[in-house]
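Peer 1: Predicted model and sequence follow; I will ask about them next.
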Amino acid sequence: MTAAQYEQFSNYAVASATGILALAFVAYVAQWGFARKIAPDRELVTAGGAGEAPTAEDTASERSDVAGGIGFSLTGLAWLVLLAGVIARGLSAERVPWGNMYEFGCAATLMALTAYIVLVRMWAIDWVGPIITGFGTVVLGLSALVFVPPGPLVPALHSYWLVIHVLGAMISGSAFLVGAAASVLYLVKARAERTTPEEDRVGFLWRIPPSAKIDQVAYRVHAFAFPIWTFAALIAGPIWAQYAWGRYWGWDPKEVWAFITWVVYAGYLHARATAGWKGKAAAIIALIGFATFVFNFVGINLFVSGMHSYAK
Amino acid sequence: MSSNAVPSLGRREFTRWFWRQLTSMRTALFLLLLLAIAAVPGSLVPQRGVDARAVEAYFLDHPKSAPTLDKLGFFSVYTSPWFSAVYLLLMISLIGCIVPRSFVYLRALRARPPKAPRNFSRLPASASFETSASVDEVVAAGRRTLGRARVDVVEGEPGTAEVSAERGFLREAGNLVFHISVVVVLVGVAVGTLFGYRGSAIVTEGQGFSNSLTQYDEFGSGSLFKADQLPPFSLKLDTFTAKFQPLGSQQAGAPRLFRAQGTYTAKPGAGERTFDITVNHPLEINGTSVFLVGQGYAPVLKVTDANGEVVFNEPVPFLPNDPSYTSTGVVKVPDAEPEQLGFQGFFLPTAASGANGASISVYPAAANPLLGLFVWHGDLGLDGGTPQSVYILDKSKMKQYMNGDKGYRVSLQPGQSQKLPNGGTIEFTGLKQFARFQISSSPGVQVPLIGIIAGLLGLVTSLTIKPRRTWIRARRDGSRTVVDVAVLDRVPRDDLPADLDDFLERFREALGETEEKAR
């Protein structure tokens, strides 16, 4: 195929992946919706009570499970199509497919879906599905707004550090997303556990693990992401900046916000070990950390000019 | 923990109280978050150390707020007193945390595992089972299963024994390494800043640069740097290559390659060597790096004065203002008779007519070069003794040549010449390119690098290693031995029961039995 054909294929693939991911989001929302009246232990009861006539709750439970299955399958399909799109983009431009904001949006979403799928297999965290697919759909959709045709890179990006530095940022960013999603659900669930009396505990929220378990997932994901972010933002970035711009740290807006993200997540790790900050406060700090990461990608790219201005 | 109320105490007690507050985790956390907030303004308002021209532009755009912001240090946030205060407090808090913890850790390294608690069932995970093996066999199997842990065995009354084990000491070591390395990085950065220097210089094709203060356009150095420490190298730029995405293609005009080639000598008398500097590939000369950070055009101008003398004949760098290299510049001709001449105007590498009839540059490569200048005559003000920027024309003692009510305008393409109003001519004889080099040295740049890498390793260690205490109690009961096992993690984790099951399985395997189930 020629570069132009690859480009066209990539564009169709990214657009299709966006649509499929949106459907996955709908399916995940349906999974929660169908289960809104079901008590958490319903499944166990029916499993034991063979021969009983299926009740409305059983049907709803079944529907919820089917919707969840469809959600995960569609997420997998979106991942596959997006993978093809990102690879085709790279083939079209003849370089790594993360040289501008559009490409970073696509590649980072691909990475986030990868992280999600892997973690669903490892720790069965499909309960963050709606957040991940919803967020991914939004990122892919907004990326289309900053679309640029594939082309060669500006000279400052002619470096293998582009592969290392940006890949690190994408991997840690994906884990930060999963961590943020888990933190949101932790806050919701922990609040529900405090305020909801035992008999009112119906709905999908009570089918997901208890808040302590969610907190553990959030911590592990963050503990994985933080060292990688340290490497990407505070080691690989400065080394590259030293070669490209003659200084390893220059308080460029993107550097400032990378530093802020790092500091906030360092705060999160400390908060989890500090009395009075554990739990709710720590989860909120994690969400602030993710907000600074997203702002660095969107706000700084679009509204602040600096040496990292590769948005267009 | 320390209380938050300020007690009414003497100075000594107050100092102690203050120190405890400062070094508490809560304060460190607060300072950390404060540092993040304090860093924000520097990304939203231009910074002097990053882009001094943008700061000047900000003053023009916001004449009311800018002076106030300036007083508050918003244009140099990262050297401002309040930002420094936050990070210095954080440093002190950090050191106040590291030092005592290091001593505690050193003591803990020599300490023996704590004795088994009486009641195992109060611990987060415990189990017991019976075996036909003897107490000694149980102890031996337990030691094997515990692997590389620190183990103490206490023989109690006949027929009983207790095993205490502790492992995961490296977690705290990693933690300490990480925090110490943060200090090392900050000190390394400070040293590099104090002893380092950074400057930039514009060098036109065919011209040279020698590393002394007078040759720099901009220069900044740390307070402990001495100008005579500048390494005495010199370089000459032969050719500069700039490639842009071709017109008509997508992203036309996007830069693709910048390359500066020429020769340099490391010190006077040393041999001449060639260099080839591109973005991302600086030239290293004895600890100093020469980076290519910018480029532009330098039209070669030949000025003949009213007497027919050639009074100026050299390339003049015009500084680019936008991605299409619409450039502005100044030509000073002090030797012109009867009056000195000054030119100010623009250079467009690819000129085209804009919407309002004005010429604009539409492409960064020199496809259709056009030079447009206004002309002044009088006194350039060069003899006053105060140094002048070569890029600014001091018009205070000069008069502009007029053409009706508009300024007289010189408009030239390469090879063209134009008569000047007082007689004399200006000729655009050719076009050269210039490179803007940044020349910098930050001594000990490896210190923060090694520091942060060590910090990362420490961080990973502290986040992955589980510090765990395990106790085994064996008691002979008739022909059987009752074995109780308990585990405690210093950092609570949810996988403790699963880990205990796994441990028991390996333990019982080591005892040579698998059939009996743990209670």
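Peer 2: Structure's in. What do you need?

Peer 1: tally of neighbours for A:Gln216?
Peer 2: For A:Gln216, the neighbour count with other Cβ atoms under 10 Å in any protein chain shown is 19. The C-beta positions use only the backbone N, C-alpha and C, and glycine is treated the same way.

Peer 1: The one helix or strand it maps to - contacts with which helices or strands?
Peer 2: Using DSSP states H and E, A:Gln216 maps to helix A:211-231. Helix A:211-231 is packed against helix A:161-195, helix A:253-271, helix A:280-303, helix B:446-464, with contacts defined by 3 or more Cβ pairs under 8 Å, 6 or more residues apart in numbering or on different chains; DSSP states H and E.

Peer 1: Mind listing what's buried along the next helix or strand after it?
Peer 2: Of the helices and strands lying after helix A:211-231 in sequence (DSSP H and E), the nearest is helix A:237-245. Within helix A:237-245, the residues that count as buried by 16 or more other Cβ atoms under 10 Å in any protein chain shown are A:Gly237, A:Pro238, A:Ile239, A:Trp240, A:Ala241, A:Gln242, A:Tyr243, A:Ala244, A:Trp245.

Peer 1: With stretch A:101-120 instead?
Peer 2: A:101-117, A:119-120.

Peer 1: Narrow those residues to those in helices?
Peer 2: Under the assignment DSSP state H, the buried residues of stretch A:101-120 contribute A:101-117, A:119-120 to helices.

Peer 1: Where does pLDDT dip in the stretch 1-150 of chain B?
Peer 2: By pLDDT under 70, the low-scoring segments of the stretch 1-150 of chain B are B:1-8.

Peer 1: what about B:Ala149, neighbour count?
Peer 2: Per other Cβ under 10 Å, the neighbour tally for B:Ala149 reads 18.

Peer 1: Run through the residues that contact the residue nearest to B:Gly156 when sequence neighbours are not counted.
Peer 2: Nearest non-adjacent residue to B:Gly156, counting by Cβ to Cβ, 6 or more residues apart in numbering or on different chains: B:Glu162, 6.4 Å away. B:Glu162 makes contact with B:Lys115, B:Ala116, B:Val153, B:Val154, B:Gly156, B:Trp471, B:Ile472, B:Arg473, B:Ala474 under the criterion Cβ atoms under 8 Å, 6 or more residues apart in numbering or on different chains.

Peer 1: Make TSV from the buried residues of helix A:237-245 and add distance to A:Ala17 to it.
Peer 2: Below are the buried residues of helix A:237-245 laid out as TSV (distance: Cβ to Cβ, whole Å):
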residue	distance to A:Ala17
A:Gly237	29
A:Pro238	34
A:Ile239	33
A:Trp240	30
A:Ala241	33
A:Gln242	37
A:Tyr243	35
A:Ala244	32
A:Trp245	35
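
Peer 1: Intersect these with the contacts of chain B.
Peer 2: A:Pro238, A:Ile239, A:Trp240, A:Gln242, A:Tyr243, A:Ala244, A:Trp245 (Cβ under 8 Å from any Cβ of the partner chain).

Peer 1: for the closest residue to B:Val77 other than its chain neighbours, helix, strand, or coil?
Peer 2: Excluding the flanking residues, the one nearest B:Val77 by Cβ to Cβ, 6+ apart is B:Gly42, at 3.5 Å. The three-state assignment at B:Gly42 reads helix, by DSSP: H, G, I helix; E, B strand; the rest coil.

Peer 1: So B:Gly42 versus B:Gly142, what's the distance?
Peer 2: Distance, B:Gly42 to B:Gly142, by Cβ to Cβ, to the nearest Å: 58 Å.

Peer 1: How about B:Leu69?
Peer 2: 68 Å.

Peer 1: what about residue 192, how many neighbours?
Peer 2: All of this refers to chain A. Using other Cβ under 10 Å, the number of residues around A:Ala192 comes to 15.

Peer 1: Chain B was what I was after
Peer 2: 21.

Peer 1: Next up, the contacts around it.
Peer 2: B:Gly222, B:Ser442, B:Pro443, B:Gly444, B:Val445, B:Val447, B:Pro448.

Peer 1: Can you name the residues of the stretch 1-150 of chain A sitting close to chain B?
Peer 2: So far as Cβ under 8 Å from any Cβ goes, the stretch 1-150 of chain A lies against chain B at A:Val148, A:Pro149.

Peer 1: Identify the residues contacting the helix or strand harbouring B:Arg259?
Peer 2: Per DSSP H and E, B:Arg259 falls inside strand B:255-265. Identification of contacts with strand B:255-265 by Cβ under 8 Å, 6+ apart yields A:152, A:154-155, B:233-245, B:271-279, B:283, B:285, B:292, B:295, B:364, B:435, B:437.

Peer 1: do that again at 7 Å, thanks
Peer 2: By Cβ atoms under 7 Å, 6 or more residues apart in numbering or on different chains, the residues outside strand B:255-265 that reach it are A:152, A:154-155, B:233-245, B:271-279, B:285, B:292, B:295, B:435.

Peer 1: Mind checking which of the residues you listed land in strands?
Peer 2: Counting by DSSP state E, the contacts of strand B:255-265 place B:234-244, B:272-278, B:285, B:292, B:295, B:435 in strands.

Peer 1: Any quick PyMOL command for the buried ones out of those?
Peer 2: What follows is the PyMOL syntax selecting those of the ones in strands among the contacts of strand B:255-265 that are buried according to 16+ other Cβ under 10 Å:
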select buried, chain B and resi 234+235+236+237+240+242+244+275+277+285+292+295+435
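
Peer 1: Intersect the ones in strands among the contacts of strand B:255-265 with the contacts of chain A.
Peer 2: When contact is defined as Cβ under 7 Å from any Cβ of the partner chain, the ones in strands among the contacts of strand B:255-265 meet chain A at B:Thr278.

Peer 1: buried residues in the strand holding B:Arg259?
Peer 2: Residues of strand B:255-265 classed as buried: B:Pro255, B:Arg256, B:Phe258, B:Arg259, B:Ala260, B:Gln261, B:Gly262, B:Tyr264, B:Thr265 (neighbour count, 16+ other Cβ under 10 Å).

Peer 1: so A:Pro149 sits in a helix?
Peer 2: No: counting by three-state DSSP, one finds A:Pro149 to be coil, located in no helix.

Peer 1: and it, how many neighbours does it have?
Peer 2: Neighbours of A:Pro149 under the rule other Cβ under 10 Å: 14.

Peer 1: OK, contacts around it?
Peer 2: A:Glu7, B:Gln250, B:Gln251.

Peer 1: Got the phi and psi for B:Gly430?
Peer 2: For B:Gly430, the backbone dihedrals (degrees, to the nearest 10) come out as phi -170, psi 170.

Peer 1: Please apply the same query to A:Pro149.
Peer 2: phi -60, psi 150.

Peer 1: interface residues of the stretch 201-312 of chain A facing chain B?
Peer 2: A:212-213, A:216, A:223, A:227, A:230-231, A:234-235, A:243-248, A:250-253, A:256-257, A:259-260, A:263-264, A:266-267, A:270-271, A:274-275, A:277, A:300, A:304.

Peer 1: Now do the strand or helix carrying B:Arg171 and helix A:253-271, the angle between them.
Peer 2: Assigned by DSSP H and E, B:Arg171 belongs to helix B:169-195. Computed by axes from the mean of the first three to the mean of the last three Cα atoms, to 10 degrees, the angle separating helix B:169-195 from helix A:253-271 equals 150 degrees.

Peer 1: would you put the C-alpha positions of the next helix or strand after helix B:169-195 in CSV?
Peer 2: Beyond helix B:169-195 on the C-terminal side, the first helix or strand identified by DSSP H and E is strand B:197-204. Output of strand B:197-204 as CSV, limited to C-alpha atoms (Å, rounded to 0.1, in the frame of the first residue of the first chain):
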residue,chain,number,x,y,z
TYR,B,197,26.8,29.3,32.1
ARG,B,198,24.6,29.6,29.1
GLY,B,199,24.7,32.0,26.2
SER,B,200,23.6,32.3,22.6
ALA,B,201,25.3,33.8,19.6
ILE,B,202,24.3,34.3,16.0
VAL,B,203,26.8,33.1,13.5
THR,B,204,26.3,33.8,9.8
